[in-house]
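*Asks:* just a sequence and a predicted model for now, questions to come.
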Amino acid sequence: MMRKTNVFSFLGALAMLATSGATVAVSTYPQAAYAQTQGMQRRDERRDTRQSARVEKQACKAGDKSRAECRQEKRDTKQAGRRD
């Protein structure tokens, strides 16, 4: 009778150890800071580039430059974004 009790006690302790070990392993695993793919990052960069080109064009139009000069500045801004 004692022998069965010791086996069950050992199995219970082993199960408790495995459960607590798994909990510690999962909780210490570093979580990702953000879940973005490279494609999503590139798309965000293109959006930012387009937005900055729009802002630059609006600022140019408010000044005394011609329409062609403003368009060229916008193109230059977008091209610089593509090279980065």
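*Replies:* Perfect, I can see it now. Numbering: from 1, shown residues only.

*Asks:* how near is residue 6 to residue 13?
*Replies:* 11 Å (C-beta to C-beta, to the nearest Å). Every C-beta, even on glycine, is put in place using the N, C-alpha and C of the backbone.

*Asks:* repeat that for residue 61.
*Replies:* 77 Å.

*Asks:* could you list the single helix or strand in this structure with the lowest mean pLDDT?
*Replies:* Here the helix or strand of the chain ranked lowest by mean pLDDT, DSSP states H and E is helix 2-28, holding a mean of 69.

*Asks:* please enumerate residues in contact with the following helix or strand past that one?
*Replies:* The helix or strand immediately downstream of helix 2-28 is helix 38-62, counting by DSSP states H and E. Residues from elsewhere that reach helix 38-62 (C-beta atoms under 8 Å, 6 or more residues apart in numbering): 36, 67, 69, 70, 71, 73, 74, 77, 78, 81, 82, 84.

*Asks:* ok, stretch 63-78 next?
*Replies:* 49, 50, 52, 53, 54, 56, 57, 60, 61.

*Asks:* and it, average pLDDT?
*Replies:* For stretch 63-78, the mean pLDDT works out to 87.

*Asks:* pull it out as CSV, backbone CA atoms only.
*Replies:* Extracted as CSV, the C-alpha positions of stretch 63-78 are listed here (Å, rounded to 0.1, in the frame of the first residue of the first chain):
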residue,chain,number,x,y,z
GLY,A,63,4.5,80.7,-52.3
ASP,A,64,5.3,82.5,-55.5
LYS,A,65,6.6,79.5,-57.6
SER,A,66,5.1,78.3,-60.8
ARG,A,67,3.0,75.2,-61.1
ALA,A,68,5.8,73.4,-62.9
GLU,A,69,8.3,74.2,-60.2
CYS,A,70,6.0,72.9,-57.5
ARG,A,71,5.4,69.7,-59.4
GLN,A,72,9.1,69.2,-59.8
GLU,A,73,9.7,69.7,-56.1
LYS,A,74,7.0,67.1,-55.3
ARG,A,75,8.6,64.6,-57.7
ASP,A,76,12.0,65.2,-56.1
THR,A,77,10.5,64.5,-52.7
LYS,A,78,8.9,61.2,-53.9
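
*Asks:* great, nothing more from me.
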